[in-house]
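[1] Let's see this in three dimensions:
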Amino acid sequence: MSWYYYELEQNGGDLKVKKGISCGGKVVPLDLFGAGVEWEAAWPAILAKNSHADRLGKVSASGTNCSVSFDPAFTVLGATTPYYADPSHALPTVGEQASGDTPGWEDWDDDGQPGISFNVSGFATGTRYSIQRVFNDWTNGNYSPGATAIKLNAVTQQDESVLGATSDIIKTLSVPDTDESLQFTQFARLGADQVQGDDAALCATVRELAPTLTPEANQ
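    Alright, predicted model coming up:
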């Protein structure tokens, strides 16, 4: 799962993200043979280096309800942004470290390893050092007036360049679940008293409240 904070501007049927920040994520295993993955040490860099500001969307009437969709967006983990947010640019290999104006992998968690250190637990354990580019397409979110949360269909695709690992099994462990019912996004409105502080504080609030405000996405 991943967390985001959006401030939206609506003009008729058009939506625009005035402020859009990425607040990190984690992988939760669904069964005994799954793997949990955490990369919390890289969350501050993910927040600082990825912005969804100016992402566009649409909202329209759908019977007695409303429908909302967003244009696709990319989030890059562990490499020069916004260069690698362009899918026409191949993700860097271990020999392509960023230097000056030359894009490449970056050490986003300051641990001396390339890219981001993804710490794996469960059926297999270890650490994978890699770059990821995540594509999100959120569509067809239907909601009724007064709804506390909006659920949108989500198409999520991920490119990855593995730069190293502590074991061979960790190098090839990224296998997303094929159950489309598990791929969705939920939006919930925050109150004015909950939108306080800098971006790091906003993300902390989002992560804290997500299990209550968007419980289906946190199962």
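
[2] Which other helices and strands does the lengthiest strand in the chain contact?
    The longest strand of the chain (DSSP state E) is strand 149-165. Contact here means 3 or more CB pairs under 8 Å, 6 or more residues apart in numbering; DSSP states H and E; on that basis strand 149-165 packs against strand 65-70, strand 126-139, strand 141-143, strand 184-188. Glycine gets a C-beta too; all of them are placed from N, C-alpha and C.

[3] One more pass at 7 Å, please.
    For strand 149-165, the packing partners by 3 or more CB pairs under 7 Å, 6 or more residues apart in numbering; DSSP states H and E come out as strand 126-139, strand 141-143, strand 184-188.

[4] Which among these is found nearest to Ala201?
    Ala201 lies closest to strand 184-188 among those, at 17.6 Å (CB to CB).

[5] Name the strands paired with the closest one and say parallel or antiparallel.
    As defined by DSSP bridges, the strand partners of strand 184-188 come to strand 149-165 (antiparallel).

[6] Now do the strand it pairs with against strand 126-139, angle only.
    Angle of strand 149-165 versus strand 126-139, following axes from the mean of the first three to the mean of the last three CA atoms, to 10 degrees, is 150 degrees.

[7] Check which helices and strands the next helix or strand after strand 149-165 is in contact with.
    Proceeding N to C from strand 149-165, the next assigned helix or strand is helix 168-171, under DSSP states H and E. For helix 168-171, the elements it packs on are strand 126-139, judged by 3+ CB pairs under 7 Å, 6+ apart.

[8] and the strand it packs on, what's its mean pLDDT?
    Across strand 126-139, the average pLDDT comes to 94.

[9] As PDB, could you dump the C-alpha coordinates of it?
    C-alpha atoms of strand 126-139 as PDB (Å, rounded to 0.1, in the frame of the first residue of the first chain):
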ATOM      1  CA  GLY A 126      17.000  -9.900   3.400                       C
ATOM      2  CA  THR A 127      17.400  -6.600   1.700                       C
ATOM      3  CA  ARG A 128      17.100  -5.700  -2.000                       C
ATOM      4  CA  TYR A 129      18.700  -2.500  -3.300                       C
ATOM      5  CA  SER A 130      16.700  -1.200  -6.300                       C
ATOM      6  CA  ILE A 131      15.100   1.500  -8.300                       C
ATOM      7  CA  GLN A 132      11.300   1.500  -8.900                       C
ATOM      8  CA  ARG A 133       9.000   3.500 -11.100                       C
ATOM      9  CA  VAL A 134       5.400   3.100 -10.200                       C
ATOM     10  CA  PHE A 135       2.600   3.900 -12.600                       C
ATOM     11  CA  ASN A 136      -0.800   4.800 -11.100                       C
ATOM     12  CA  ASP A 137      -4.100   5.200 -13.100                       C
ATOM     13  CA  TRP A 138      -7.100   5.900 -10.900                       C
ATOM     14  CA  THR A 139     -10.500   5.800 -12.600                       C
END
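
[10] which parts of it are buried?
    By neighbour count on 16 or more other CB atoms under 10 Å, the buried set for strand 126-139 is 126-134, 136-139.
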